[in-house]
Every structure is written in structure tokens, then in C-alpha cells.
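> take this sequence and fold it.
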Amino acid sequence: MLAGFLFKEYEMNQEGVVTGYKVLLKNEQVATLEYRSHTWIGAIVKDINIITKRDQSVMRVAGWIIHELKG
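You can find the predicted model right below:
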């Protein structure tokens, strides 16, 4: 749990490495974090737009998600 957000595993590759997280706040999904093509991708809904961030660092993308959602 980071800053009140729960990163819940929902996807793994054949080696058992986590490649997808649902990001929950108070039991409601507020974002996703997925590993695709050697890049972590975070996605949130802001107003009516889907906003994404890509980076090779999972912590930078997780930090971006928290920063954007905390406003």
C-alpha cells in the first residue's frame, strides 16, 4: 500500500512475475499499472479523459499515479 492506495496484483506472466496491478482507493479501482514491451504503463481517468504515463521504472509510474489522483 502506497499513500492509502492498494496495488492489487491481477496479471502474471508464465514465469510468475507480476505484470499488472489494479490500483484501488477505498475498494474502488482508480487506475491500472501494467508492464508491456519492457515498459510500465499507468492509466487513470481524469474528467472524461484517459491519461497514461510510460516509463521503465515501476516506481516512477506508481508515483505519477498517486500524484495525479491526490490532485
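> what residue is smack in the middle of this protein?
Leu33 (2.6 Å; C-alpha atoms, centre = their mean).
> do you know how far it is from Ala3?
Distance of Leu33 to Ala3, given as C-beta to C-beta, to the nearest Å: 14 Å. Bear in mind the C-beta positions are built from the backbone N, C-alpha and C, glycine included.
> return the helix or strand hosting Val30 as CSV; C-alpha atoms alone will do.
Val30 is part of strand 28-36 when elements are defined by DSSP states H and E. Output in CSV follows, covering the C-alpha atoms of strand 28-36 (Å, rounded to 0.1, in the frame of the first residue of the first chain):
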residue,chain,number,x,y,z
GLU,A,28,-12.7,1.3,-5.8
GLN,A,29,-10.4,0.8,-8.8
VAL,A,30,-9.0,4.2,-9.7
ALA,A,31,-6.1,3.3,-12.1
THR,A,32,-4.2,0.4,-13.7
LEU,A,33,-0.5,-0.3,-13.9
GLU,A,34,0.8,-2.8,-16.5
TYR,A,35,4.1,-4.0,-17.9
ARG,A,36,4.1,-4.2,-21.7
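> other residues contacting it?
Here strand 28-36 makes contact (C-beta atoms under 8 Å, 6 or more residues apart in numbering) with 5, 7, 11, 18-24, 40-44, 58, 61-62, 65, 69.
> which of the residues you listed fall in strands?
Of the positions in the contacts of strand 28-36, 7, 11, 18-24, 40-44 sit in strands, assigned by DSSP state E.
> could you dump those into TSV and include pLDDT, neighbour count and distance to Ile50?
Shown next, in TSV, are the ones in strands among the contacts of strand 28-36 (pLDDT from 0 to 100; neighbours: other C-beta atoms under 10 Å; distance: C-beta to C-beta, whole Å):
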residue	pLDDT	neighbour count	distance to Ile50
Phe7	96	17	19
Glu11	97	13	19
Val18	97	15	22
Thr19	97	15	20
Gly20	98	16	16
Tyr21	98	23	17
Lys22	97	16	15
Val23	97	22	14
Leu24	96	16	18
Trp40	98	21	16
Ile41	98	16	11
Gly42	98	24	11
Ala43	98	16	6
Ile44	97	18	7
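> ok, so of those, who is nearest Thr52?
Distance to Thr52, by C-beta to C-beta, is smallest for Ala43 among these, at 4.8 Å.
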